[in-house]
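**Q** I would like the atomic coordinates for the input below:
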Amino acid sequence: MPSALVVGYDPQAIPGVDGDALRAALDAELARFGEHGIDAAMTFLVFDESAEPALVASLTERPWDVVVVGGGVRKTEQLLPLFERIVNLIHRHAPQAAIAFSAGTGDSVEAAQRWL
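**A** Just a heads-up that it's a prediction; the model follows:
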């Protein structure tokens with residue numbers, strides 16, 4: 001079974017966003033992976049000193065086939081340094097994994113499928 005790790009910004013840390021509702025949407029997206037025969041997990045980061053160790057732990061947990069970086073990290077200008085760090089950590093700690101990019105909360109499966 002192919003595997004995918006989805007990396008996103010912690011919904012509880014986004015100002016002005018209903019973190020619980022966003023987390024529910026992300027959990028639904030995670031369930032969709034299973035419906036498509038993909039073993040998937042999500043890791044949520046906050047832009048602070050905890051981001052790198054948390055991501056490295058997730059990346060090295062197992063050999064992922066694809067790592068999907070969420071649109072919330074990729075498209076938010078203030079998070080550009082975090083986005084760069086994520087891409088470089090994927091390259092360093094999961095070199096066997098393809099890197100995919102989602103546009104939002106509802107297309108992570110399709111982003112992963114482009115590379116599986």
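**Q** CA only for contacts and neighbour counts going forward, please
**A** Noted.
**Q** Could you grab the helix/strand/coil label for the residue of the chain most remote from its centre?
**A** What lies farthest from the middle of the chain is G16; by C-alpha atoms, centre = their mean that is 21.0 Å. Recorded secondary structure, G16: coil (DSSP: H, G, I helix; E, B strand; the rest coil).
**Q** now L5
**A** Going by three-state DSSP: L5 is strand.
**Q** Hmm, P63 and it touching each other?
**A** No: counting by C-alpha atoms under 8 Å, L5 does not reach P63; the two are 9.8 Å apart.
**Q** neighbour count winner among those two?
**A** L5 (25 against 16; other C-alpha atoms under 10 Å).
**Q** which stretches of the chain have low pLDDT?
**A** Scanning the chain for pLDDT under 70 picks out 19.
**Q** longest helix in it, by residue count?
**A** helix 19-35 (DSSP state H).
**Q** List the strands paired with the helix or strand following it, with their directions.
**A** As assigned by DSSP states H and E, the chain's next helix or strand after helix 19-35 is strand 39-45. Applying DSSP bridges to the sheet, strand 39-45 is found paired with strand 3-9 (parallel).
**Q** Next, the angle helix 19-35 makes with the partner strand.
**A** 170 degrees (axes from the mean of the first three to the mean of the last three C-alpha atoms, to 10 degrees).
**Q** List the buried residues for stretch 8-16?
**A** Using 16 or more other C-alpha atoms under 10 Å as the test for burial, stretch 8-16 gives G8, Y9, D10, P11, Q12.
**Q** Same check on stretch 93-112?
**A** Under 16+ other C-alpha under 10 Å, the buried positions of stretch 93-112 are 93-95, 97-102, 104-105, 107-112.
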